[in-house]
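Enquirer: Fold the stuff below for me.
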Amino acid sequence: MAKAQSPFLIVNPKSYLYGKESLELAKAADQVAKDTGLQIYFTCPYADIRMIKENTTDIIVCAQSMDPLVPGRGMGHVLPESLKEAGAEALFLNHAENPKTVSDLYATIKRAKELDMITVVCADSTVEAKAVACMDPDIVLAEPTDLIGTGQVADDSYTIETVKALNAINPNVLVMIASGVSTAEDCYNVVKLGADGTGATSGILNAPSPAQRVREMAEAIVKAKNEK
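Expert: Presented below is the predicted three-dimensional model:
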């Protein structure tokens, strides 16, 4: 099974892309992962997981959420085993668009560990990120919610302080800074400042060529890592 590595890039089309369009960008991201050696995650709607997994080799297919269910009752909820069987190796949890309660989040991280799935857990402040780090996910995405989709990146001090604070609490957790990240230069900067990885939605989808933007971002992250 895949393990979370530093550095990394998360291509996160949310629900803007699905079906053939989602697969097209996933294949482009897969080629970039092959060419650069960078760990690249690709999020997609649940129904597209199997199709994308079966048509790619290097990206880590990432589900958009999950429930702490076990096989049996639970009609309408997202069963971990079904995601794993479909090909998801990672999952996003607690995104601002789909938050979880603390107890639900902890239980879901635990279920993911049982299935060797990588967890990317969102937090909307450094304080919340510290609490999430105590739950021992693989990656903590610490992003001020009000910057999501704005193209305005959190200032340098936020990145430096957040990385430092989370490393002090749980050195095993990888730190992702992504709110407002939209260009290759943004990716380079946050990784140079100490983040393990980053990612984007609108910064990729609104680019003249989303596939080319993924490549530029990946190359910038690799460059920043090599210069550290």
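Enquirer: quick check: mean pLDDT across stretch 115-127?
Expert: Stretch 115-127 comes out with an average pLDDT of 93.
Enquirer: wait, I meant stretch 162-171
Expert: Stretch 162-171 comes out at a mean pLDDT of 94.
Enquirer: Residue 23 in helix, strand or coil?
Expert: Under DSSP: H, G, I helix; E, B strand; the rest coil, residue 23 falls in the helix class.
Enquirer: what's the residue nearest to residue 167 when sequence neighbours are not counted sitting at in phi/psi?
Expert: Excluding its sequence neighbours, the residue lying closest to residue 167 (Cβ to Cβ, 6 or more residues apart in numbering) is residue 175, at 7.2 Å. For glycine as for every other residue, the C-beta is placed from the backbone atoms N, C-alpha and C. Backbone torsions of residue 175, given as degrees, to the nearest 10, read phi -110, psi 130.
Enquirer: hang on, isn't residue 134 packed against residue 170?
Expert: Yes: using Cβ atoms under 8 Å, residue 134 makes contact with residue 170 at a distance of 6.8 Å.
Enquirer: higher neighbour count, these two?
Expert: residue 170 (16 against 11; other Cβ atoms under 10 Å).
Enquirer: Could you tell me which residues make contact with the more buried one?
Expert: Neighbour list for residue 170: 133-134, 136 [criterion: Cβ atoms under 8 Å, 6 or more residues apart in numbering].
Enquirer: mind listing which of the residues you listed are in helices?
Expert: Using DSSP state H, the members of these that fall in helices are residue 133.
Enquirer: related to what we said a few turns ago, surely the residue nearest to residue 167 touches residue 163?
Expert: Yes: using Cβ under 8 Å, residue 175 is in contact with residue 163, at 4.9 Å.
Enquirer: Between the two, which contacts overlap?
Expert: 194-195.
Enquirer: Neighbour count for these two, which is higher?
Expert: residue 175 (25 against 22).
Enquirer: what about that one, distance to residue 76?
Expert: 34 Å (Cβ to Cβ, to the nearest Å).
Enquirer: One more: residue 5?
Expert: Distance of residue 5 to residue 76, computed by Cβ to Cβ: 34 Å.
Enquirer: Those two: which is more packed in?
Expert: Ranked by neighbour count (other Cβ under 10 Å), residue 5 and residue 76 place residue 5 first, with 14 against 5.
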